[in-house]
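A.B. asks: Sharing a model that was predicted from the sequence below.
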2 protein chains.
Amino acid sequence: MSTPRQSRADRRRATEARILDSARELFAEKGFERTTIRAVAAAAGVDPALVMQYFGSKRKLFGQAVQALPTPLPTTDADELVDQLLASLGLKLGGLPEGTLAMMRSMLTDQAAADHVRAALGRQIDSVGAALPDPDHPELRAALVVTALLGVTIGHQLLGLAALREAPADHIAALLRPAIKALAGPSG
Amino acid sequence: MSTPRQSRADRRRATEARILDSARELFAEKGFERTTIRAVAAAAGVDPALVMQYFGSKRKLFGQAVQALPTPLPTTDADELVDQLLASLGLKLGGLPEGTLAMMRSMLTDQAAADHVRAALGRQIDSVGAALPDPDHPELRAALVVTALLGVTIGHQLLGLAALREAPADHIAALLRPAIKALAGPSG
DNA sequence: CAATTCACTCTACAGCCGTTGACCGAACTT
DNA sequence: AAGTTCGGTCAACGGCTGTAGAGTGAATTG
């Protein structure tokens, strides 16, 4: 056979992607500490040493597997701002990208993940604060908006609270909207 | 000397308390996984084997060190309800008891802690839902109230977001109150 | 004062972890 | 067809973990 069933580069790309997928899934399910390289390798049908060879270390694998939390581009329109925030925290559409879930799952026990999330939330708070009309304490109000939504996301995606899982996403969004507006400022 | 400087029972109680204090502190700071029995023992000035001897296992030590998340007794008065919720999540007064912090720190990566927190939040959601006037979806509204406050607490106590740390607690409470009322129902 | 209890320490085991380096065989190159 | 590259495996290391059991010496008891 002069034509191999699969080119070397193709195989390489495919297994690398398989490893990243398994890593994302396990990091999202168990967090950084409790996810072992051996488990990722087994889920990808591969030797643990290969994971090291491709990604260098568990930390670097984590870094490649997760994605940065998206910072929304807030508009000055309050309604649109609410929608963007809800979407960025996975409360609308099909949920968060798995890499983001992995990052959030690890943020309370892993220093690096905590730093990353803190920075991302800080950026989000800043931009939300800048987009608020101009009430008394825009920064604090923005922080409350973002962290309140973070809590709903945690309860929904990470803790799996029944009361939230059973509710349709746009229903949740509809109930949250007036509360967020109340937080954003007295003028609405 | 017929009078020992310290009775055996006293010493026992004292070191047991010292171990529990160290455990609470470390579990709150690092979570369940990253806290080692050796570290707890070292912080308490004691041999690791003694910790095992007194508490049986790391899991049981964790169980003794953390406390159940308090379930507030909600009144039918909305203002009082808000205050009770804020207090129960550490947003007023001197903050959460350390055992609760430890539990929250571990809730995203430890199955037992997750179950415990889920149950505690579920109870809180039920009682809050029962206390709401009677809007369209009391259970869902209650879940959103509780998880939103959970998020603020996480951002404040666990992530240490600057925008929240710098704000006085009663100021935060004042801003949150109208938002919670908006969540609780259209009637206020 | 002799005997016993018990708070506490020492030493060690077995298992899992991240990580490494030697190795193999199939895909490429010349 | 011979030589090289490289995706992938195998076996092993050192370190850290939770945990167990034997031992020690001071407080207690009779």
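C.D. replies: Okay, I see it.
A.B. asks: And for the residue of chain A found nearest chain B, the neighbour number?
C.D. replies: As assessed by C-beta to the nearest C-beta, chain B sits closest to A:Gly151 within chain A, at 1.9 Å. C-betas here are computed from N, CA, C, even on glycine. When neighbours are counted by other C-beta atoms under 10 Å in any protein chain shown, A:Gly151 registers 24.
A.B. asks: Okay, angle between the top helix by length along chain A and helix B:8-34 too, please.
C.D. replies: Counting residues, the longest helix in chain A under DSSP state H turns out to be helix A:8-34. Taking axes from the mean of the first three to the mean of the last three C-alpha atoms, to 10 degrees, one finds that helix A:8-34 is oriented at 160 degrees with respect to helix B:8-34.
A.B. asks: is any part of helix A:8-34 close to chain B?
C.D. replies: Yes. Applying C-beta under 8 Å from any C-beta of the partner chain, one finds helix A:8-34 touching chain B at A:30-31, A:33-34.
A.B. asks: same check, this time on stretch A:98-107
C.D. replies: Yes. In terms of C-beta under 8 Å from any C-beta, part of stretch A:98-107 sits within range of chain B, namely A:104-107.
A.B. asks: With adjacent residues omitted, what lies nearest to A:Met107?
C.D. replies: Nearest residue to A:Met107, sequence neighbours excluded (C-beta to C-beta, 6 or more residues apart in numbering or on different chains): A:Val117, at 4.2 Å.
A.B. asks: ok, that neighbour - contacts?
C.D. replies: A:69, A:103-104, A:107, B:159 (C-beta atoms under 8 Å, 6 or more residues apart in numbering or on different chains).
A.B. asks: Redo these as TSV? Include neighbour count, distance to DNA strand C and secondary structure.
C.D. replies: Formatted as TSV, those follow (neighbours: other C-beta atoms under 10 Å in any protein chain shown; distance: C-beta to the nearest atom of the strand, whole Å; DSSP: H, G, I helix; E, B strand; the rest coil):
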residue	neighbour count	distance to DNA strand C	secondary structure
A:Leu69	22	24	coil
A:Met103	28	17	helix
A:Met104	24	19	helix
A:Met107	29	18	coil
B:Leu159	22	24	coil
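A.B. asks: so which of those residues would you say is closest to DNA strand D?
C.D. replies: The closest of the contacts of A:Val117 to DNA strand D turns out to be A:Met107 (C-beta to the nearest atom of the strand; 21.1 Å).
A.B. asks: Test my guess that the closest one contacts A:Asp115.
C.D. replies: No. With contact defined as C-beta atoms under 8 Å, A:Met107 does not reach A:Asp115; the gap is 9.1 Å.
A.B. asks: and for those two, which residues touch both?
C.D. replies: Overlap of the contact sets of A:Met107 and A:Asp115 (by C-beta under 8 Å, 6+ apart) is empty.
A.B. asks: related to what we said a few turns ago, where neighbours are concerned, which of the residues of helix A:8-34 next to chain B has the most?
C.D. replies: Neighbour counts for the residues of helix A:8-34 next to chain B peak at A:Gly31, which has 25 neighbours (criterion: other C-beta under 10 Å).
A.B. asks: Look up the closest residue to that one, ignoring the ones flanking it.
C.D. replies: Closest to A:Gly31 by C-beta to C-beta, 6+ apart is B:Thr109, at 3.9 Å.
A.B. asks: lowest-confidence helix or strand of chain A?
C.D. replies: Lowest mean confidence among the helices and strands of chain A (mean pLDDT, DSSP states H and E): helix A:78-88, at a mean of 69.
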